[in-house]
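Asker: Quick one: sequence and predicted model below, then my questions.
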Amino acid sequence: MITVTINNQKCEVDESLSVLEATRKAGINIPTLCKMEDHPATGACRLCVVEVEGARNLQAACSTPVFEGMEIRTRTRRVREARKTLVELLLSEHCGECQTCVRNGDCELQDVAREMGIREIRYPGERCAGGIDDSTPALTRDSGKCIKCRRCVTVCGEVQGVGALFPQGRGFSTRIGPAFTMDLDDVPCVQCGQCAAVCPVGAINERSHQEEVWAALQDPGQHVVVQTAPAIRAALGECFNYEPGTLVTGKMTTALRKLGFDSVFDTNFTADLTIMEEGTELLTRLKRLVVEKDEAVSLPMFTSCSPGWIRFAEYFYPEFLPNISTCKSPQQMFGSVAKTYYAGKLGKKAEEITVVSVMPCTAKKYEAQRPEMNDSGVRDVDFVLTTRELAEMIKSAGIDFRNLDDGEMDAPMGLSSGAADIFANTGGVMEAAIRTAYELVTGRELPLENLHVEAVAGLEGIKEASLKLENCQPDWAFLEGVDLKVAAAHGLSNARKLLEALRSGLKEYHFVEVMTCPGGCIGGGGQPRYTDDSVRLKRMHAIFQEDEGKVLRKSHNNPQIAQIYSEFLGAPLGDRSHHLLHTHYTA
Ligand code: HC1
């Protein structure tokens, strides 16, 4: 520890900290529009300037390390004038249109302008060149609103290993975007929306489906079904001033009914269905390898529920496409069974059902309109709202979310196990699959108090585990003694590392889970802003809490899953399942 002086007060701080971190620890918040928690400073916005005794110029607090005896001043007239001028200059070139901007009320530039008491723009000047890029189904970019903070460049390049966005040009002419003014759809953007999650202003956003959903809700000819992804319940509350990690499953259900949805169902139901299908597919692939000695079988098998990961594999690792499970994601399985199985129960045609998803992920908007996703005879999922969009709809409908009673989801697609809940966390799909596969193969029950596969939980980028299969049931005797090797990666740069290790033969696995976003879906690009590791951990704990609070914790024990197989699907990987629940991807 070292001693520094902040605004005339001595403080003991860790010598590894930056001035920004040290002042925050001392309870003083310094504004910044570029620094992100969990990422090194870029010093791009310069808004965090402070005076340091002995230094001629103001110093950027985010990129200046503390030293013994350092004297820091954070609110002198010189500091305040410099910050104010910086914000005024940003505002002068920013195509803000605050009243009509999608980020009105949720904009970091607006916040700092308000906090600094800026009431006029003293330097009216040339505006940044505008231009809307709405080439992708998931995202819209408005370069006139970009403040060149480069957060999107960092997450796209370093966290996701995609590199679709980068700075080009110099000075006032600098623009952030795909190369050569191309559109996002022309470059390997996976539409994960991590850029939109960190953008401080309205420069990158999800493509809104709110108006389409309002219209469907008003249409008397449509039965409008909503499904909610596992990660929504642990994050939606943040839009209503609950602490991150507050579970709002019951209030969310009631709010959806009040919005006018005819049936309120759960993507978790089809997460359980995914485990039945994907588990069977994995065991089938293993049988081909072990019993039939079929060297052509594609192993390891990869999970397929995260659409950004599918797009990443299509762009960068097409040789691994045969390894991706043929299971559609739970979102898409839901759409196809809602428009067939549930439509049949209602006596309606697929065309009379509108399926709306609430997802933490912007790439789900892209997934829903992929050409493969219409096995019900029409588009399986019609509209996808992010968590943020659902919160906006609830607010715009005047629903007092915090005072809602807890509601229950509808039958027959609203009941789910704890295994489905944990799909939201990195490692969760793997753990859910192990819960079911172990019991099917060995015939022995996993004890409820010891269900978590600790090795695949947590925020480490790549996690590995192995499971020795012993005393297998006669049907699965070929697996006797097999050491099932599994891995989970989250964030596509971690997926890239894992794929490179597989490609070079450094690693061998049987089953690999890949989730596009850091932390898994709880850290999705459509979740409430602003998400860092501390928020991710709180949401993850909430998801585990939801799982642990249930009696039903394994997918194969879900009675509504047994019901859909007996009434409609037949068996996992059977003909109808194959048609409605599976697909395959090509580059
Ligand atoms: Fe996910 Fe999934 S867990 S992909 O992360 O498999 O988005 O929450 O809905 O489909 O179930 C997202 C979350 C989600 C699917 C499920």
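Answerer: Perfect, thanks for sending it.

Asker: can we go C-alpha only for contacts and neighbour counts from here?
Answerer: OK.

Asker: and stretch 339-347, which residues are buried?
Answerer: 339-343 (16 or more other Cα atoms under 10 Å).

Asker: Show the model's pLDDT score for the nearest residue in space to Tyr585 that is not next to it in sequence.
Answerer: Spatially, and ignoring its direct neighbours in sequence, Tyr585 is nearest to Leu321 (6.5 Å; Cα to Cα, 6 or more residues apart in numbering). Leu321 is assigned a predicted lDDT (pLDDT) of 97.

Asker: which SSE is Leu86 in?
Answerer: Element membership of Leu86 [criterion: DSSP states H and E] is helix 77-93.

Asker: Could you list the buried residues of that helix?
Answerer: So for helix 77-93, counting by 16+ other Cα under 10 Å, buried means 79-80, 82-85, 87-93.

Asker: Residue numbers of the stretch 101-250 of the chain in contact with the ligand?
Answerer: 229-231 (Cα under 6 Å from any ligand atom).

Asker: Neighbour count and pLDDT added to these, as a markdown table?
Answerer: Output for those, formatted as a markdown table (neighbours: other Cα atoms under 10 Å; pLDDT from 0 to 100):
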| residue | neighbour count | pLDDT |
| --- | --- | --- |
| Ala229 | 28 | 98 |
| Pro230 | 25 | 98 |
| Ala231 | 31 | 98 |
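
Asker: could you measure the residue of the stretch 401-550 of the chain found nearest the ligand against Lys251, distance?
Answerer: Residue of the stretch 401-550 of the chain nearest the ligand, by Cα to the nearest ligand atom: Cys521 (3.7 Å). Taking Cα to Cα, to the nearest Å as the measure, Cys521 falls 20 Å from Lys251.

Asker: Tell me which of these two has more neighbours.
Answerer: Cys521 (28 against 21; other Cα atoms under 10 Å).

Asker: List phi and psi for that one.
Answerer: phi -60, psi -20 (degrees, to the nearest 10).

Asker: before we move on, what about Thr42?
Answerer: According to degrees, to the nearest 10, Thr42 has phi -110, psi -20.

Asker: Who are the contact partners of it?
Answerer: 34-35, 62-63 (Cα atoms under 8 Å, 6 or more residues apart in numbering).

Asker: so which of these would you say is closest to Cys107?
Answerer: Closest approach to Cys107 among the contacts of Thr42 (Cα to Cα): Cys34, at 13.0 Å.

Asker: so what's the residue positioned nearest the centre of the chain up against?
Answerer: Nearest residue to the geometric centre of the chain (Cα atoms, centre = their mean): Gly524, 1.3 Å. The neighbours of Gly524, taking Cα under 8 Å, 6+ apart as the test, are 192-194, 360-362, 517-518.

Asker: Now tabulate the buried residues of stretch 339-347 in TSV and tack on pLDDT, distance to Ile6 and secondary structure.
Answerer: Listed next are the buried residues of stretch 339-347 as TSV, based on pLDDT from 0 to 100; distance: Cα to Cα, whole Å; DSSP: H, G, I helix; E, B strand; the rest coil:
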residue	pLDDT	distance to Ile6	secondary structure
Lys339	98	62	helix
Thr340	98	65	helix
Tyr341	98	65	helix
Tyr342	98	64	helix
Ala343	98	65	helix
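
Asker: Make JSON lines from the residues you listed and add distance to Glu71 to it.
Answerer: JSON lines is the format used below for the buried residues of stretch 339-347 (distance: Cα to Cα, whole Å):
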{"residue": "Lys339", "distance to Glu71": "66"}
{"residue": "Thr340", "distance to Glu71": "69"}
{"residue": "Tyr341", "distance to Glu71": "69"}
{"residue": "Tyr342", "distance to Glu71": "68"}
{"residue": "Ala343", "distance to Glu71": "69"}
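
Asker: mind giving me the domain split of this structure?
Answerer: 2-75, 122-206, 210-269+331-403, 275-328+417-581 (automatic domain parsing).

Asker: need these in CSV with distance to Asn104, can you?
Answerer: Converted to CSV, the domains of the chain look like this (distance: least, Cα to Cα, whole Å):
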stretch, distance to Asn104
domain 2-75, 16
domain 122-206, 8
domain 210-269+331-403, 12
domain 275-328+417-581, 13
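
Asker: now, which of the residues of the stretch 101-250 of the chain next to the ligand sits nearest Leu385?
Answerer: Among those, Ala229 lies closest to Leu385 (Cα to Cα), at 10.5 Å.

Asker: Now for the closest one: which residues touch it?
Answerer: By Cα under 8 Å, 6+ apart, the neighbours of Ala229 are 266-268, 331, 357-360, 424.

Asker: Which one (most neighbours) among those residues?
Answerer: Going by other Cα under 10 Å, Pro360 tops the contacts of Ala229 with 33 neighbours.

Asker: That one and the ligand: what is the separation?
Answerer: Between Pro360 and the ligand the computed distance is 5 Å (Cα to the nearest ligand atom, to the nearest Å).

Asker: Surely Leu580 and Phe334 touch.
Answerer: No: Leu580 is beyond contact range of Phe334, at 9.6 Å (criterion: Cα atoms under 8 Å).

Asker: Return every residue with contacts to both of the two.
Answerer: With Cα under 8 Å, 6+ apart, Leu580 and Phe334 have no common neighbours.

Asker: When these two are compared, which one has more neighbours?
Answerer: In this view Leu580 and Phe334 are compared by other Cα under 10 Å, and Phe334 has more residues nearby, 32 against 23.

Asker: follow-up on the earlier one: can you name the next helix or strand after the helix holding Leu86?
Answerer: helix 108-115.

Asker: helices or strands up against that following helix?
Answerer: helix 77-93 (3 or more Cα pairs under 8 Å, 6 or more residues apart in numbering; DSSP states H and E).

Asker: Pretty sure the residue of the stretch 401-550 of the chain closest to the ligand sits against Gly427.
Answerer: No: contact criterion Cα under 8 Å: Cys521 and Gly427 do not qualify, at 10.8 Å.

Asker: Residue of the stretch 51-200 of the chain nearest the ligand, please.
Answerer: For the stretch 51-200 of the chain, Cα to the nearest ligand atom, closest residue to the ligand: Cys192, 9.6 Å.

Asker: pretty sure Gly443 contacts Asp475?
Answerer: No: contact criterion Cα under 8 Å: Gly443 and Asp475 do not qualify, at 10.4 Å.

Asker: Looking at the two, which has the bigger crowd around it?
Answerer: Set side by side, Gly443 and Asp475 show more neighbours around Gly443, with 14 against 10, by other Cα under 10 Å.

Asker: Now do the contacts for that one.
Answerer: Gly443 neighbours (Cα under 8 Å, 6+ apart): 472-473.

Asker: do you know how far Lys365 is from the ligand?
Answerer: For Lys365, the distance to the ligand - Cα to the nearest ligand atom - is 10 Å.

Asker: Let me know how buried that residue is, in neighbour terms.
Answerer: By the criterion of other Cα under 10 Å, Lys365 has 28 neighbours.

Asker: Which of the helices or strands spans it?
Answerer: Lys365 is part of helix 363-368 when elements are defined by DSSP H and E.

Asker: same check, this time on Gln227
Answerer: Per DSSP H and E: strand 223-228 holds Gln227.

Asker: Determine the set of other helices and strands touching that strand.
Answerer: So strand 223-228, by 3+ Cα pairs under 8 Å, 6+ apart, packs with strand 263-266, helix 267-290, strand 353-359.

Asker: Could you save those as CSV and add columns showing distance to Leu537 and mean pLDDT?
Answerer: Shown next, in CSV, are the helices and strands packed on strand 223-228 (distance: least, Cα to Cα, whole Å; pLDDT from 0 to 100):
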stretch, distance to Leu537, mean pLDDT
strand 263-266, 23, 98
helix 267-290, 21, 96
strand 353-359, 19, 98
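
Asker: hey, which of these is tucked in deepest?
Answerer: Of the helices and strands packed on strand 223-228, the one with the most neighbours on average (mean count of other Cα atoms under 10 Å) is strand 353-359, at a mean of 27.

Asker: so who does the residue nearest to Tyr585 touch?
Answerer: So Leu321 contacts 313-314, 585-587 (Cα under 8 Å, 6+ apart).

Asker: Show me which of those are buried.
Answerer: 313-314, 585.

Asker: Thanks a lot, catch you later.
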